[in-house]
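Q: return a 3D structure for these sequence lines:
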Amino acid sequence: MGNHVVRSNNGSTKSNSSKKTVYSSRKPSGNSSATDMEHNFVTHFVPVDKLTKILNDLTYENENINGISVDIFTRYLFPNYKEFGNRFYYFLLTSSGTSSSYLNSPTFKQQVEKFLSQMNDRTLLDIYVQVYSNTTDDSSDVTVNALKDLFMMSYRLSMDDCLPTCNYIEETIDAAVTSCVEVPSPTEENTNIPLSFKMAGTPCPSHWSLLYSSDLHGAAVNRLLHHVLGYRGPTILFIRGSSSNNKCVTYCIGSTVEWHESSSYWGGDDSIVIQLKPIYRLIEKGPKLLYLNTLIRGYAQGLRAGSDTRNPIINVDQSFNSVMIEGAPYRIMTIEVWGCGDRKLKEKQLDIKRWQVKEAEKQRVVKLSSADWMDHPDRYLLELAGRPTYSNAENK
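A: From the prediction side, this is the model:
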């Protein structure tokens with residue numbers, strides 16, 4: 001069901017004035033009044049008229065009902081998402097206030113137009129929560145299972161044209177649900193609980209690039225540096241650890257700027273540290289949260305994250321064997337770094353690495369003059385190895 005909207009100035013379509021319907025739950029912003037908004041913004045729902053007639057005819061043909069049934073609505077509008085279609089239909093039915101078991105054509109058209117007129121993301125989010133809570137008030141209470149269904153449907157819709165899908169989506173959704181509410185006991189599973197969460201972002205855009213994986217490239221800091229440095233874009237680093245009692249945790253470090261080695265903490269205002277498992281929670285966000293140093297002596301070595309330099313949230317040792325997370329020791333299971341920029345950034349990184357390789361090859365084949373060779377340390381090493389006349393080869 002697409003939102004087919006046509007905007008026109010007042011009076012430009014006089015012949016269709018009887019079909020103009022304006023529904024809006026948004027409050028006017030700035031100095032614009034509601035009258036001005038209605039004057040300047042007129043919505044035509046001609047496609048809804050056609051859709052209503054088609055669904056009404058199909059319902060009458062199949063079920064001998066003069067209206068639109070849930071079966072026809074779901075079968076023809078949401079063939080691949082029947083569970084969502086069923087919930088959405090009963091949301092429209094409940095919102096209409098009708099006592100009938102189906103929607104007649106005028107009521108269906110009215111409810112669909114009202115839904116399509118919502119232009120505010122926050123309002124749409126509230127509606128989808130109500131779809132899964134089976135309520136039309138502002139309480140927006142859902143059960144644990146309904147919340148999981150909502151997250152799963154959001155994931156399926158966002159990844160509909162992307163392959164492959166995430167192998168850990170069930171665990172991820174469980175962690176997200178746990179972070180929203182306290183897990184109830186089995187006897188309380190069907191009771192309502194307050195919902196307080198914010199949906200944002202996409203699971204894994206198809207243009208993201210895997211820069212480094214400890215499983216694929218080796219668990220060593222020099223391997224991470226080789227694969228990550230030079231990528232001039234935002235990145236996300238995942239650390240998966242296991243404690244001595246087999247408790248597994250997953251943390252995420254997000255950086256909007258490229259990684260580099262320094263003796264000081266660095267990072268943009270949107271640098272972030274998030275716990276993903278066993279629960280999802282934002283730990284810290286702000287500038288200068290990141291630290292990476294393997295070269296500069298006299299300063300801490302390894303990878304760190306957190307604004308408290310004396311007690312960072314995440315502290316990976318230089319060996320990449322263990323990590324301190326919020327003061328607790330963990331054995332590193334995997335570390336991954338994903339590049340979140342467009343594909344051109346990955347190509348630029350590869351170009352930089354190719355240039356570095358070529359420059360290194362040039363340095364290897366540089367010919368030394370006789371004067372340079374006389375003072376070169378390699379000459380003395382060769383003489384110690386028993387080749388004292390090697391230095392005269394150039395003069396022969």
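Q: ok, now how distant is Asp57 from Tyr76?
A: Remark: distance between Asp57 and Tyr76 (Cβ to Cβ, to the nearest Å) = 11 Å. Placement of C-beta: from N, CA and C, glycine included.
Q: check Asp126 too.
A: From Asp126 to Tyr76 the distance is 27 Å (Cβ to Cβ).
Q: do Ser271 as well
A: Ser271 is 48 Å from Tyr76, by Cβ to Cβ.
Q: and the two? Which one has more around it.
A: Counting neighbours by other Cβ atoms under 10 Å for Ser271 and for Tyr76 shows that Ser271 has the greater number, 22 against 14.
Q: give me the number of residues near the residue nearest to the more buried one when sequence neighbours are not counted?
A: Counting by Cβ to Cβ, 6 or more residues apart in numbering, Leu289 is the residue found nearest to Ser271 once chain neighbours are left out, at 4.2 Å. Neighbourhood size, Leu289 [other Cβ under 10 Å]: 28.
Q: same check, this time on Glu170
A: Glu170 is flanked by 11 other residues according to other Cβ under 10 Å.
Q: what's the pLDDT at Tyr299?
A: Here, the pLDDT recorded for Tyr299 equals 91.
Q: Arg75 now?
A: With respect to pLDDT, Arg75 has a value of 93.
Q: how much space separates the residue found closest to it once you drop the neighbours it is linked to in the chain from Ile169?
A: Leaving aside its sequence neighbours, Arg75 sits nearest to Lys82 (Cβ to Cβ, 6+ apart; 7.8 Å). Going from Lys82 to Ile169 by Cβ to Cβ gives 20 Å.
Q: quick one, domains of this structure?
A: Annotated domains of the chain cover 14-23+32-194, 209-344, 366-396 [automatic domain parsing].
Q: can you put those domains in TSV and add distance to Lys358?
A: Output for the domains of the chain, formatted as TSV (distance: least, Cβ to Cβ, whole Å):
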stretch	distance to Lys358
domain 14-23+32-194	36
domain 209-344	14
domain 366-396	13
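Q: lowest-confidence stretch among these?
A: domain 366-396 (a mean of 59).
Q: may I have the distance across stretch 99-107, first residue to last?
A: Using Cα to Cα, to the nearest Å, the end-to-end distance of stretch 99-107 comes out at 12 Å.
Q: same question, stretch 278-286
A: OK, stretch 278-286 end separation, Cα to Cα: 23 Å.
Q: which parts of it are buried?
A: The neighbour-count check on stretch 278-286 (16 or more other Cβ atoms under 10 Å) flags 280, 283 as buried.
Q: quick one: the strands in the stretch 1-150 of the chain?
A: With DSSP state E, counting those that start in this stretch as the criterion, the stretch 1-150 of the chain has strands at 141-142.
Q: end to end, how far does stretch 131-142 reach?
A: In stretch 131-142, first residue to last residue: 10 Å (Cα to Cα).
Q: repeat that for stretch 64-76.
A: Using Cα to Cα, one end of stretch 64-76 lies 17 Å from the other.
Q: how about stretch 279-292?
A: OK, stretch 279-292 end separation, Cα to Cα: 27 Å.
Q: so who does Val316 touch?
A: Listed by Cβ atoms under 8 Å, 6 or more residues apart in numbering, the contact partners of Val316 are 239, 302-304, 322-323, 332, 335.
Q: how about a cut-off of 10 Å?
A: 221, 224, 237, 239, 241, 253, 292, 302-305, 322-325, 330, 332, 335 (Cβ atoms under 10 Å, 6 or more residues apart in numbering).
Q: what bridges to it?
A: Beta-bridge partners recorded for Val316 (DSSP bridges): Leu303, Val323.
Q: do you know how far it is from Met324?
A: For Val316, the distance to Met324 - Cβ to Cβ - is 8 Å.
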